[in-house]
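Task: produce atomic coordinates for the following.
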Amino acid sequence: MFPLRIAITGTESTGKSTLAVALAAHYQAVFVPEYARQYIDQIQGPYTLADIELIAHQQMAMEDNMAAQTTSSLLFCDTDLLVTKIWAEHAFQACPIWITQELQQRPPYTLYLLLDIDLPWQPDPQREHPHLRQYFFEWYKKELIALQVNWVVISGIGEQRLHNAIEVVDTLLAKH
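Got it, this is the predicted structure:
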């Protein structure tokens, strides 16, 4: 049995990691953490496009390994290749073609949860663009529409955000 993969995606400081952990706990499922955070903490100096590629490969490998090992019916992914694509295009005005191809060829997530920008910005040394949140949010929506995947915006502050996500996942589970 393969788990239903749910990608938690969106711009910086929208609670992706918090939501991934909370959903996994609620459903007694597993989640794949965001490898980029760990990697960026370890490098000296600014990241490069080559770093982004390495991060993308590692994120996919972690996700595939977790999917192969889990007995859970759900796998929550605290980021996805769409985040990597947008990050590369914004930071370097280019995205390696293989990332774009993987986005289109890899089996799609059963559901993408696009997190709204309604949470207050939380400063963090790895976060770069507090003034561009609306810009990135719109970019994510355009990309998800272009991919023709199942996605929904998750809004709400605090427990309401989790509750809203649970309602969407429960609806998905009722269909499967």
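
Show me the shaky parts of the chain.
1, 125 (pLDDT under 70).

Show me where it has its strands.
In the chain, the strands defined using DSSP state E lie at 4-9, 30-32, 74-77, 111-115, 151-154.

Distance to residue 141 and mean neighbour count added to these, as CSV?
No exception for glycine: its C-beta is placed from N, CA and C like everyone else's. Below are the strands of the chain laid out as CSV (distance: least, Cβ to Cβ, whole Å; neighbours: other Cβ atoms under 10 Å):
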stretch, distance to residue 141, mean neighbour count
strand 4-9, 11, 25
strand 30-32, 23, 22
strand 74-77, 19, 26
strand 111-115, 7, 23
strand 151-154, 8, 20
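
Neighbours of the nearest residue to residue 86 once chain neighbours are set aside, how many?
Ranked by Cβ to Cβ, 6 or more residues apart in numbering and with sequence neighbours excluded, the top spatial neighbour of residue 86 is residue 139, at 5.9 Å. Using other Cβ atoms under 10 Å, residue 139 is surrounded by 17 other residues.

And residue 139, how far from residue 17?
Counting by Cβ to Cβ, to the nearest Å, the separation of residue 139 from residue 17 is 20 Å.

Kindly report the same for residue 88.
As judged by Cβ to Cβ, residue 88 and residue 17 stand 20 Å apart.

The two: which is more packed in?
residue 88 (21 against 15).

TSV for the strands of the chain, including distance to residue 22?
Converted to TSV, the strands of the chain look like this (distance: least, Cβ to Cβ, whole Å):
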stretch	distance to residue 22
strand 4-9	10
strand 30-32	9
strand 74-77	9
strand 111-115	12
strand 151-154	12
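
right, so of those, which gets closest to residue 165?
Nearest to residue 165 among the strands of the chain is strand 151-154; the distance by Cβ to Cβ comes to 4.9 Å.

From the contact counts, what lies against that closest one?
strand 111-115, helix 159-175 (3 or more Cβ pairs under 8 Å, 6 or more residues apart in numbering; DSSP states H and E).

Residue 61 is nearest to which of these?
Comparing those under Cβ to Cβ, the one sitting nearest is strand 111-115, at 20.2 Å.

biggest helix in the protein, by residue count?
As assigned by DSSP state H, the longest helix anywhere in the chain is helix 49-69.

And for it, what's in contact with it?
Applying Cβ atoms under 8 Å, 6 or more residues apart in numbering, the contact partners of helix 49-69 are 2-3, 5, 30, 32-36, 39-40, 43, 75, 77, 79-81, 84, 87-88, 91-92, 94, 96, 99, 102, 106.

buried ones in that helix?
51-56, 59-60, 63, 66-67 (16 or more other Cβ atoms under 10 Å).
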